[in-house]
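In: Need coordinates for the following:
(one chain, ligands or ions: 1)
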Amino acid sequence: MSTFTELHLDERILEALHAEGYRTPTPVQAETIPALMNGRDVLGIAQTGTGKTAAFALPILHHLAAEKPANGRPIRALMLTPTRELAAQIGDRLRVYGRHLPLYSTVIFGGVGQSPQVKALHRGVDMLVATPGRLLDLHEQGHVDLSEVQHFVLDEADRMLDMGFSKDVDRILRLMPERRQNLMFSATMPKAIGSLANDMLYQPVSVDISPEAPTTDRIEQYVSFVRKQDKRELLIDLLEGQMVSCGIVFTRTKHGANRLAKQLEKVGIPADSIHGDKSQTARTRALERFRNGEVFVLVATDIASRGIDVEDITHVFNFDLPNEPEVYIHRIGRTARAGREGLAYAFCDESESGYLVGIQRLLGHDIEVLEDQPYHFEKARPKPGQKPGRVKGSPVGGPSRRGTGRGRDMRRYNRGGQKRREQQQRSNKSPGQGRKPNNRSQRGQRSDQPNRPSGGRPPQPNQRRGKQQGRSNASNRRSSNRSHRSNRRQPRRDDRS
Ligand code: AMP
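Out: Numbering: from 1, shown residues only. Reported below is the predicted structural model:
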């Protein structure tokens, strides 16, 4: 599909696109628009930035402009998004693409007063862009009628579920007529999205614009076999030994991300977390602090990490191995952007060895093992002939080792922790109150070995060392300021992301 004209869209829409400077449809538009024009449901795997808003907005505008409702101006299209920013963006695009059409739209989301939104709804709108909570609130108050919706878009479906909106989405689905056109966009396809798509979509056309797997050539990868309970110490050693100033740590759960960021701060490593339980404002703030160097480490869950567009990330740590091998590739692709080099460390505990098998199979080679590190745990290494996937009998997220026998490695781990506590007591500071200048170098010495694997590569991929050392005093000062702590929310029971 080389031009918009070939898509048979309303002339007035084409005029608006022309004024916007859109000449050719993006791939997601070229595939989605014809299907929607033909009245089909669509399941789209695409991220923000691919042009997906126009992909659903243009055919909906076209259909709505073509039919005049029998009476009044009922809501005929509903676009549901997880965040207010996204809702506002879609609302803005609808106005731009539909500027020559006699159609009205409005945007409703929480966190602001409802009365302007209620007024707009009462004036009558053809298209409504909404976040789930506020939509249900206004529906309960009798301000929203969804009984004439003909086109429904569920945007960023994975993020929607990640943010805990699953029940709200179910309720909203029941408020609309059964006969309608449905479109679901998601950047990833976890199982929950698959079953939601099954329930919601009728014989959908699938459009997959998932980004190409990033090249891993420039990324130096290592894996450490380690007990689950030693991962944190290993991480701290690596972070300090390499003086990481721009690193992402991936955890499996939101609660785990919060806890780890807090623990890093306690030992004087400026860190913040980003995950689906955090408000959009808190995420934006965490990202901003990461971008401007105020925090060196961002602890993230996969879905929340999607909005992280920071070019000079030097290190990626897979604190928990992902159960889907492709996710590993996307995670490590966060580093080595824009032609840079990057380092990726994976921590594999006993329960995750099958995940490592899957990852190595996808990569087509084994990842170099950091054996020479104080927490090395041989039993976590995959067994010869081991199958990819979950280790049978281990709970998701790995077995709890509490109460099990602890070997020599564990005693060494305890001594390490004890040593730090003693150092902290000697420095007569509370645990989070920053490190003594020599503290970092002591830890750096201890962690030299894991940082300098056999290949003998320099510790910093981007030679950021000077910048980091320059920062360390400031970081000590900063780390005494705990006011930014992000762990305000209680983790939900369903803490996976
Ligand atoms: P989206 O993924 O919908 O957020 O779109 C990303 C950006 O691409 C937005 O700034 C759009 O204005 C722009 N865009 C969408 N479609 C096209 C197109 N066909 N040609 C040029 N720009 C586009």
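In: Going by C-alpha atoms from here, please, whenever you check contacts or count neighbours.
Out: Noted.
In: all strands of the stretch 1-150 of the chain, in order?
Out: Applying DSSP state E, counting those that start in this stretch to the stretch 1-150 of the chain gives strands spanning 42-45, 77-80, 105-108, 127-130.
In: Can you give me the buried ones in the third one?
Out: It refers to strand 105-108. For strand 105-108, a neighbour-count test (16 or more other CA atoms under 10 Å) marks 105-108 as buried.
In: still on that earlier bit, show me the one of the strands of the stretch 1-150 of the chain that comes nearest residue 319.
Out: strand 42-45 (26.7 Å; CA to CA).
In: How about the contacts made by the one residue in the stretch 201-350 of the chain that gets nearest to the ligand?
Out: Using CA to the nearest ligand atom, residue 209 is the residue of the stretch 201-350 of the chain that sits closest to the ligand, at 11.1 Å. For residue 209, the contact set (CA atoms under 8 Å, 6 or more residues apart in numbering) comprises 27-28, 44-47, 50.
In: try 6 Å
Out: Contact analysis of residue 209 by CA atoms under 6 Å, 6 or more residues apart in numbering lists 45-46.
In: Could I have the CA atoms of stretch 240-260 written out in PDB?
Out: These are the backbone C-alpha positions of stretch 240-260, laid out as PDB (Å, rounded to 0.1, in the frame of the first residue of the first chain):
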ATOM      1  CA  GLU A 240      29.400  -0.900  42.600                       C
ATOM      2  CA  GLY A 241      32.300  -2.700  40.900                       C
ATOM      3  CA  GLN A 242      31.400  -1.300  37.600                       C
ATOM      4  CA  MET A 243      30.200   2.000  39.000                       C
ATOM      5  CA  VAL A 244      27.100   1.700  36.900                       C
ATOM      6  CA  SER A 245      25.500   5.100  36.300                       C
ATOM      7  CA  CYS A 246      22.900   4.200  33.800                       C
ATOM      8  CA  GLY A 247      21.600   0.700  34.300                       C
ATOM      9  CA  ILE A 248      18.200  -1.100  34.200                       C
ATOM     10  CA  VAL A 249      17.400  -4.000  36.400                       C
ATOM     11  CA  PHE A 250      14.500  -6.200  35.400                       C
ATOM     12  CA  THR A 251      12.500  -8.000  38.000                       C
ATOM     13  CA  ARG A 252       9.500 -10.300  37.600                       C
ATOM     14  CA  THR A 253       7.200  -8.600  40.000                       C
ATOM     15  CA  LYS A 254       6.100  -5.100  40.800                       C
ATOM     16  CA  HIS A 255       6.600  -5.700  44.500                       C
ATOM     17  CA  GLY A 256      10.100  -7.100  43.700                       C
ATOM     18  CA  ALA A 257      11.000  -4.000  41.800                       C
ATOM     19  CA  ASN A 258       9.900  -1.700  44.600                       C
ATOM     20  CA  ARG A 259      11.700  -3.700  47.200                       C
ATOM     21  CA  LEU A 260      14.900  -3.900  45.300                       C
END
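In: Make JSON lines from the strands of the stretch 1-150 of the chain and add mean pLDDT and distance to the ligand to it.
Out: Converted to JSON lines, these look like this (pLDDT from 0 to 100; distance: least, CA to the nearest ligand atom, whole Å):
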{"stretch": "strand 42-45", "mean pLDDT": "95", "distance to the ligand": "12"}
{"stretch": "strand 77-80", "mean pLDDT": "98", "distance to the ligand": "13"}
{"stretch": "strand 105-108", "mean pLDDT": "98", "distance to the ligand": "16"}
{"stretch": "strand 127-130", "mean pLDDT": "98", "distance to the ligand": "14"}
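In: and of those strands, who's closest to residue 218?
Out: Taking CA to CA as the criterion, strand 42-45 is the member of the strands of the stretch 1-150 of the chain that comes nearest to residue 218, at 26.9 Å.
In: what comes into contact with that closest one?
Out: Outside of strand 42-45, the residues within contact range by CA under 6 Å, 6+ apart are 183-187, 204-210.
In: My read is that residue 127 contacts residue 77, right?
Out: Yes: at 4.7 Å, residue 127 and residue 77 qualify as touching, with contact defined as CA atoms under 6 Å.
In: Okay, buried residues for stretch 33-42 please.
Out: 33-37, 39-42.
In: what ranges do the strands span in the stretch 151-300 of the chain?
Out: In the stretch 151-300 of the chain, the segments counted as strands under DSSP E, counting those that start in this stretch are 151-154, 181-186, 205-208, 219-225, 247-250, 271-274, 297-300.
In: what stretches of this structure score poorly on pLDDT?
Out: Residues of the chain meeting the criterion pLDDT under 70: 1, 211-215, 303-304, 306-309, 336-340, 393-497.
In: 80 instead, please
Out: Low-confidence segments of the chain (pLDDT under 80): 1-2, 47-49, 162, 210-218, 276-281, 302-311, 326, 336-341, 391-497.
In: how's this structure carved up into domains?
Out: Following automatic domain parsing, one gets these domains for the chain: 4-208, 216-380.
In: is it possible to export those domains to TSV including distance to residue 390?
Out: Formatted as TSV, these follow (distance: least, CA to CA, whole Å):
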stretch	distance to residue 390
domain 4-208	15
domain 216-380	5
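In: residues from this protein in reach of the ligand?
Out: 22-26, 48-54 (CA under 6 Å from any ligand atom).
In: quick revisit: may I see the ChimeraX selection of the buried members of the contacts of strand 42-45?
Out: ChimeraX command restricting the contacts of strand 42-45 to the buried ones, with burial defined by 16+ other CA under 10 Å:
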select :183,184,185,186,187,204,205,207,208,209,210
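In: Let's have the contacts of strand 42-45 in JSON lines, adding distance to residue 376.
Out: Formatted as JSON lines, the contacts of strand 42-45 follow (distance: CA to CA, whole Å):
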{"residue": "183", "distance to residue 376": "48"}
{"residue": "184", "distance to residue 376": "44"}
{"residue": "185", "distance to residue 376": "42"}
{"residue": "186", "distance to residue 376": "38"}
{"residue": "187", "distance to residue 376": "36"}
{"residue": "204", "distance to residue 376": "48"}
{"residue": "205", "distance to residue 376": "48"}
{"residue": "206", "distance to residue 376": "45"}
{"residue": "207", "distance to residue 376": "44"}
{"residue": "208", "distance to residue 376": "40"}
{"residue": "209", "distance to residue 376": "40"}
{"residue": "210", "distance to residue 376": "36"}
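In: how close does the closest residue in space to residue 208 that isn't next to it in sequence get to residue 157?
Out: Setting aside the residues directly before and after it, residue 208 is nearest to residue 45 in space (CA to CA, 6 or more residues apart in numbering), at 4.6 Å. Residue 45 sits 10 Å away from residue 157, going by CA to CA, to the nearest Å.
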